[in-house]
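Enquirer: Okay, here's the prediction I keep looking at, along with the sequence it came from:
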Amino acid sequence: MATYPNGLRGRLVRPHEEPPSGRHLLGRVAFLDHHRPPAVRDGVADMGVHLARDESALVTEVWETDAPPTSGMYRDLVYAHDGEYLFCAGQIPEGGSYREPVREAYDAAFDLISELGYPHVIRIWHFINDINRANADGMEIYRDFCLGRAEAVDRRLGPAGEMPAATGIGSLGGGISWYLLTSRSGRVRHLENPLQVPAPSYPHRYGPRPPKFARATSLSPPGLDGAGDIFVAGTASILGHETVHEGDVAKQCDVTLANMAKVLSRENLLAHGIDDGRTLKDLRLVKVYLRHEEDLEAVRSACAEAFSDTAEIVYFTVDICRSDLLVEIEGIAPRPTA
Ligand SMILES: O=C(O)C1=C[C@@H](O)[C@H](O)C=C1
Ligand SMILES: CC(=O)C(=O)O
């Protein structure tokens, strides 16, 4: 049984399921067969991401907290905050080049975070339509996105500025949809994986500016020394900085799962000064992204064996940030009860 000492909890709600009750809805992200612009809907900060190819993939991710939130619009962003946590979501329209609009979107998010006073960024998700296609200048859209993000992070946090666990994955439309969670007073620690080169240190062969994200981020409420929830970034079959097992989805799953297990391991948490350890069986709110629908059975079978049978797992068939990657997985490991 997991606990949520932080008071922040994410849940996946299927169509026709009872929405969560008894707690406050900080933010809502619906994974749909179309995109829905960020707005306050029924009093909830809300956005729809075009990620579902059919009804079976329709699901809504809700973020619940213990305190009633205040929601609103800030420039083009929708947000809600409850005194300890901030949810913020935005959408960058389809365009010929994303470098500048991504920089502006990150600037707006950093301004909002600063104005409301929630400085500790916990986790960011980006869903990028046509992620592997070339933009109007012939640059792969994912690299174009990374360029704008790196410039914004450099300017706001400095070249060594630490960014949290993230996901940067394809979508089925709607330009770039993104959302993030930040904390006012929680302790946030960004973790790396010894089996992988930190993404910000990737060589230039992957693009003019590297991705800016950590392999995982631990969030502890004030006063808790150990790790609270551990947010694991989108993880794939990359060792060092190279993709391994091109063309072999089963082996890419194995390496992906081994990377996730390593970043959660006691050995790795201790190396980051955290006296704790988690396993794949602790993960919940697992999102699995696969490039080809025909790989679903193989990926499902690997995930069924790796994760707990109580883990909520959703599968999306979308492009992945490197064209030689066939699968990517993310999840959250809540602090286990004693
Ligand atoms: O660019 C990112 O933020 C990112 C890309 C993928 O490596 C994976 O989704 C994790 C993060
Ligand atoms: C998943 C991925 O692309 C990365 O770790 O860089």
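Expert: Okay, I see it. Ligands and ions are numbered 1, 2, ... in the order given.

Enquirer: Could you show which parts of the stretch 51-200 of the chain are in contact with ligand 1?
Expert: 166-169 (Cβ under 6 Å from any ligand atom). In this view, the C-beta of every residue, glycine as well, is placed from N, C-alpha and C.

Enquirer: From those, which land in strands?
Expert: Secondary structure assignment (DSSP state E) places 166-169 from those within strands.

Enquirer: of these, buried ones?
Expert: 166-169 (16 or more other Cβ atoms under 10 Å).

Enquirer: which one of those sits closest to His190?
Expert: Ala166 (10.4 Å; Cβ to Cβ).

Enquirer: So that closest one sits against Trp125, correct?
Expert: Yes: assessed by Cβ atoms under 8 Å, Ala166 is found in contact with Trp125 at 6.9 Å.

Enquirer: show me what contacts the residue in the stretch 201-338 of the chain that ligand 1 sits nearest to?
Expert: When scored by Cβ to the nearest ligand atom, the stretch 201-338 of the chain has Gly234 as its residue closest to ligand 1, at 2.5 Å. By Cβ atoms under 8 Å, 6 or more residues apart in numbering, the contact list for Gly234 reads 166-169, 289, 321, 328-330.

Enquirer: List phi and psi for it.
Expert: The phi/psi pair for Gly234 (degrees, to the nearest 10) reads phi -50, psi 120.

Enquirer: quick one: it from Val327, how far?
Expert: Distance, Gly234 to Val327, using Cβ to Cβ, to the nearest Å: 10 Å.

Enquirer: Quick check: residues of the stretch 201-338 of the chain near ligand 2?
Expert: 211, 234-236, 238, 321-322, 328.

Enquirer: Sort out for me which of the residues you listed are in strands.
Expert: 234-235, 238, 328.

Enquirer: list residues touching both of Gly234 and Val327?
Expert: Tyr289.

Enquirer: so Val147 sits in a strand?
Expert: Just to correct that, residue 147 is Leu rather than Val. No: assigned with DSSP: H, G, I helix; E, B strand; the rest coil, Leu147 falls outside any strand and is helix.

Enquirer: Tally up the residues packed near it, please.
Expert: Applying other Cβ atoms under 10 Å, we find 21 residues neighbouring Leu147.

Enquirer: is it true that it touches Pro210?
Expert: No: using Cβ under 8 Å, Leu147 is not in contact with Pro210, being 9.8 Å away.

Enquirer: Pro68 contacts Arg23, doesn't it?
Expert: No: when contacts are counted by Cβ under 8 Å, Pro68 is not listed as touching Arg23 (10.0 Å).

Enquirer: which one of those two has more residues nearby?
Expert: Neighbour count, other Cβ under 10 Å: between Pro68 and Arg23, Arg23 has more, with 17 against 13.

Enquirer: shaky segments in the protein?
Expert: Applying pLDDT under 70 to the chain picks out residues 1-6, 20, 337-338.

Enquirer: Which single residue in it comes nearest to ligand 2?
Expert: For the chain, Cβ to the nearest ligand atom, closest residue to ligand 2: Ala236, 3.5 Å.

Enquirer: related to what we said a few turns ago, skipping its backbone neighbours, what lies nearest the residue of the stretch 201-338 of the chain closest to ligand 1 in space?
Expert: Closest residue to Gly234 apart from its sequence neighbours, by Cβ to Cβ, 6 or more residues apart in numbering: Thr167 at 3.8 Å.

Enquirer: Please apply the same query to Gly277.
Expert: Among residues not flanking Gly277 along the chain, Arg266 sits closest, at 2.7 Å (Cβ to Cβ, 6+ apart).

Enquirer: try Pro198
Expert: Glu192 (5.1 Å).

Enquirer: who's in contact with that neighbour?
Expert: 198, 214-215, 263, 272.

Enquirer: List the ones among those that fall in helices.
Expert: Using DSSP state H, the members of the contacts of Glu192 that fall in helices are Val263.

Enquirer: Show me just the buried residues among the contacts of Glu192.
Expert: With neighbours counted by 16+ other Cβ under 10 Å, the contacts of Glu192 contain buried members at 198, 214-215, 263.

Enquirer: can you put the residues you listed in CSV and add distance to Gly96?
Expert: Formatted as CSV, these follow (distance: Cβ to Cβ, whole Å):
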residue, distance to Gly96
Pro198, 31
Ala214, 30
Arg215, 32
Val263, 36
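
Enquirer: Looking at these, which is nearest Trp178?
Expert: The closest of the buried ones among the contacts of Glu192 to Trp178 turns out to be Ala214 (Cβ to Cβ; 16.5 Å).

Enquirer: From Pro198, how far off is that closest one?
Expert: 8 Å.

Enquirer: what's the answer for Tyr315, then?
Expert: To Pro198, Tyr315 is 28 Å away according to Cβ to Cβ.

Enquirer: cool, Gly273 as well?
Expert: For Gly273, the distance to Pro198 - Cβ to Cβ - is 17 Å.

Enquirer: Mind jotting down where the helices sit in the stretch 201-338 of the chain?
Expert: With DSSP state H, counting those that start in this stretch as the criterion, the stretch 201-338 of the chain has helices at 249-264, 266-271, 296-306.

Enquirer: now the stretch 1-150 of the chain
Expert: 99-116, 141-157.

Enquirer: The first one relative to helix 141-157, how many degrees between them?
Expert: If you take axes from the mean of the first three to the mean of the last three Cα atoms, to 10 degrees, helix 99-116 sits at 40 degrees to helix 141-157.
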